[in-house]
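Student: Let's see this in three dimensions:
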Amino acid sequence: MIFRARQFEFVFPRPALVMGVLNVTPDSFSDGGKFQDVNAAVAQALELAAQGAAILDIGGESTRPGAGPVTEAEELRRVLPVIEQLADRVQVPLSIDTTKPAVARAALAAGASIINDVAAHREEGWMWEVVAEFKAGYVCMHARGTPRTMQENPVYLDVVREVGEFFQERLERLNASGVSANRIVLDIGVGFGKTAEHNLQLLANLRSFTTMARPLLIGVSRKSFIGKLLGADLNERLPASLACACLAIESGAQIIRAHDVAETVQAVRMTEAVLARNRK
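Tutor: Below is the predicted model of the structure:
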C-alpha cells in the first residue's frame, strides 16, 4: 500500500507515522493561543520534527466542538507565513488543516503537500479539484455538520457501518474527481459529530476499515471524549491518548495525529516492537 503526497511517498507496511499538530489559532481546544506568533509557530514545528513527527499538520481555524468559522483572509494570514518558512527547513511533508479550497491552494503553492479536510462530507468538488491539480495527499475525514453544530445530539443506527459506507462513497467520488486512491488517507473523525460511545465503537472496530486498503489516520490526542469517560482535565489526558494510539496501531492504523509527539513516537515504536515479536 502506497501513500503519495506530491514529492513524498510512503510505502506500507512500515513504521507508523506520527503527525504532529501545530495550531496557529487563538481558540483551538488544546494549544490555542500558544503559537500565534510566526516565530513561535516555526520553532514549535521544528521541535516536533526533531521529536520524530513524520508529518506536520498546520491549522489556522479551530475545529473544536462549538467553534465558529474564520474568514479566508484571516486563515491565510495565520498559516501562510508559517508554511513558507517551514517549506525550506524541514524534510517532512507539511499538511494544511483546512476546509477552504482557496486556503488549500495557497498552502500547497507555498510548499504544503497534504490537505487534511475535516469537511470531506461536502457535496461540491472544489476541494478535490485542488487535490487533483497539485497531486497532493488528502486526508478524508468522516464528520457530520460543522464544528459549531456537530455535537448537537449525533445519532447513528450503526456508526461503524455508516462510517464505512461514507468512506466507500467518498473514494468513488474522489476517483471521479481525479484523485487517485494512492493519495488518500482515511480518518474516522473521533469527536466530529459523535458521542463518546460512538467514538469507542469506532476505535474498537478499526480493523474493519483496513479492508479498504488505504492508510488509517487516528486523531484522539487530548480529545474531550477522554475527559467525559475518565473525568480527566485537558492536561491530564496524555495516558489515555497514548492508550488509544497503541490500540489503534494494533488494529492496523498507520498514522497517529498527536500533540505530544515524543511520547507518542515512543509508545508507538514499543507497540510495534511487541507486535513484530508476536508475528514471529
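Student: For the rest of this, base every contact and every neighbour count on C-alpha atoms.
Tutor: Will do.
Student: can you give me the strands in the stretch 51-200 of the chain?
Tutor: Using DSSP state E, counting those that start in this stretch, the strands assigned to the stretch 51-200 of the chain run over residues 55-59, 94-97, 114-117, 137-141, 184-187.
Student: Go ahead and name everything in contact with the second one.
Tutor: Outside of strand 94-97, the residues that reach it under the criterion C-alpha atoms under 8 Å, 6 or more residues apart in numbering are 55-60, 83, 87, 104, 107, 111-118.
Student: rewinding a little: any chance of the strands of the stretch 51-200 of the chain in TSV with mean neighbour count and mean pLDDT as columns?
Tutor: Output for the strands of the stretch 51-200 of the chain, formatted as TSV (neighbours: other C-alpha atoms under 10 Å; pLDDT from 0 to 100):
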stretch	mean neighbour count	mean pLDDT
strand 55-59	25	96
strand 94-97	28	97
strand 114-117	27	97
strand 137-141	27	97
strand 184-187	24	98
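Student: Val130 contacts Ala106, correct?
Tutor: No - Val130 is beyond contact range of Ala106, at 10.0 Å (criterion: C-alpha atoms under 8 Å).
Student: Out of these two, name the residue with the larger neighbour count.
Tutor: More neighbours surround Val130 than the other of Val130 and Ala106, with 21 against 17 (other C-alpha atoms under 10 Å).
Student: distance of the more buried one from Arg77?
Tutor: Summarising the geometry, the distance separating Val130 from Arg77, computed by C-alpha to C-alpha, to the nearest Å, is 20 Å.
Student: for Tyr156, same thing?
Tutor: Computed with C-alpha to C-alpha, the distance linking Tyr156 and Arg77 is 38 Å.
Student: and what of Asn182?
Tutor: 31 Å.
Student: neighbour-wise, which of these two wins?
Tutor: Set Asn182 next to Arg77 and count neighbours by other C-alpha under 10 Å: Asn182 wins out with 18 against 13.
Student: Would you enumerate the residues in contact with that one?
Tutor: Residues in contact with Asn182 (C-alpha under 8 Å, 6+ apart) are 1-4, 214.
Student: Ala43: which of the residues you listed is nearest?
Tutor: Comparing the contacts of Asn182 against Ala43 with C-alpha to C-alpha picks out Arg4 as the nearest, at 26.7 Å.
Student: what about that closest one, how many neighbours?
Tutor: The local packing count at Arg4 equals 21, with neighbours defined by other C-alpha under 10 Å.
Student: What residues are bridge-paired with it?
Tutor: For Arg4, the beta-bridge partners are Glu9 (DSSP bridges).
Student: Make sure it is actually in contact with Ser180.
Tutor: No - in this structure, Arg4 sits apart from Ser180 without contact. The criterion is C-alpha under 8 Å, and the distance is 9.5 Å.
Student: This structure: helices as residue ranges?
Tutor: Counting by DSSP state H, the chain has helices at residues 38-50, 72-87, 101-110, 126-134, 159-176, 196-204, 224-230, 238-250, 261-279.
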